[in-house]
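> Got a predicted structure here, sequence first:
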Amino acid sequence: MALRPVVFSGPSGSGKSTLLGLLFKEFPNEFGFSVSHTTRQPRPGEVGGKHYHFTTVEEMEKEIHRGNFIEHAKFSNNMYGTSKQAVQDVLKNNKICLLDIDEQGVKSIKKTDLDPLCVFIAPPSLETLQNRLNERGTETAESIERRMATAASALQYSKEKGVYDIIIVNDILEAAYKKLKEFLLQVLHFGNRFDNHFKGIKNK
Ligand SMILES: Nc1ncnc2c1ncn2[C@@H]1O[C@H](COP(=O)(O)OP(=O)(O)OP(=O)(O)O)[C@@H](O)[C@H]1O
């Protein structure tokens with residue numbers, strides 16, 4: 001049976017990368033990250049090919065035109081997208097593919113035959129979201145404003161029936177991670193890969 005990919009979505013700053021990082025740390029052999037393409041500039045510490053494939057508008061448009069992208073979207077004047085190759089690279093290693101994409105991407109990927117599980121990471125409040133973006137220190141005031149403007153509509157969309165399989169409010173990080181992990185352990189029926197781990201949780 002094909003391994004179902006897991007799509008993470010949620011407002012910028014809600015904690016997707018943080019939670020994904022915890023999953024990869026705990027289960028390095030189970031999960032693989034679908035590396036998205038983007039035309040935005042790398043943030044300090046970001047590595048091409050690992051966090052994103054950094055590219056140009058011209059190159060990305062050419063590849064989209066060739067049909068090589070599953071989904072793509074524009075956000076804050078930059079293009080983002082998931083190439084078919086990025087997902088294949090994970091699946092060929094027999095790992096569960098994790099994706100970090102926005103709600104436009106979620107709509108597109110749900111139309112494919114990938115049958116993704118969709119997880120929405122929500123902030124405890126818009127105020128906390130803004131504080132976290134400020135504290136992360138990666139955005140200009142203008143960029144934070146743009147992110148906050150789209151956050152409200154993303155939260156609204158997350159409540160529509162049938163879009164997300166679970167909504168996780170990332171208030172206390174440890175609690176959010178536990179909820180995420182338990183959900184994935186329960187839903188991803190793919191052999192007995194997590195059995196021992198799951199028993200460990202149930203016995204606690
Ligand atoms: N539960 C939490 N409590 C406090 N701070 C948190 C929590 N989760 C994440 N953070 C912090 O909030 C900031 C935003 O988190 P993160 O970068 O993971 O968000 P993101 O959803 O991946 O954002 P983007 O979509 O912009 O990449 C980071 O500085 C992170 O350390």
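Structure's in. What do you need? Not measured: the values here are computed from a predicted model.
> low pLDDT regions in this protein?
Within the chain, the stretches with pLDDT under 70 are 1-2, 189-204.
> Tell me the residues of it that contact the ligand?
10, 12-18, 132, 135-136, 170, 173, 176 (CB under 6 Å from any ligand atom). The way it works is simple: take the backbone N, C-alpha and C, and place the C-beta from them, glycine included.
> Going through those, which ones are buried?
Among the residues of the chain next to the ligand, those classed as buried by 16 or more other CB atoms under 10 Å are Gly10, Ser12, Gly13, Ser14, Gly15, Lys16, Arg132, Asn170, Ala176.
> For those residues, give me JSON lines that also has secondary structure.
Putting these into JSON lines (DSSP: H, G, I helix; E, B strand; the rest coil) gives the following:
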{"residue": "Gly10", "secondary structure": "coil"}
{"residue": "Ser12", "secondary structure": "coil"}
{"residue": "Gly13", "secondary structure": "coil"}
{"residue": "Ser14", "secondary structure": "coil"}
{"residue": "Gly15", "secondary structure": "coil"}
{"residue": "Lys16", "secondary structure": "helix"}
{"residue": "Arg132", "secondary structure": "helix"}
{"residue": "Asn170", "secondary structure": "coil"}
{"residue": "Ala176", "secondary structure": "helix"}
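> Would you mind measuring from Met60 to Glu145?
In this view, Met60 and Glu145 are 25 Å apart by CB to CB, to the nearest Å.
> counting residues per helix, which one in the chain is longest?
helix 141-158 (DSSP state H).
> what's the helix or strand following it packed up against?
Sequence order places strand 166-169 as the next helix or strand after helix 141-158, per DSSP states H and E. Here strand 166-169 touches strand 117-122, helix 173-187, going by 3 or more CB pairs under 8 Å, 6 or more residues apart in numbering; DSSP states H and E.
> now these as JSON lines including distance to Leu3?
Listed next are those as JSON lines, based on distance: least, CB to CB, whole Å:
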{"stretch": "strand 117-122", "distance to Leu3": "10"}
{"stretch": "helix 173-187", "distance to Leu3": "12"}
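> if you compare the ones you listed, which one is most tucked away?
strand 117-122 (a mean of 23; mean count of other CB atoms under 10 Å).
> ok so, going back, buried residues in the longest helix of the chain?
For helix 141-158, burial by neighbour count (16+ other CB under 10 Å) applies to Ile144, Arg147, Met148, Ala151, Ala154, Leu155, Tyr157, Ser158.
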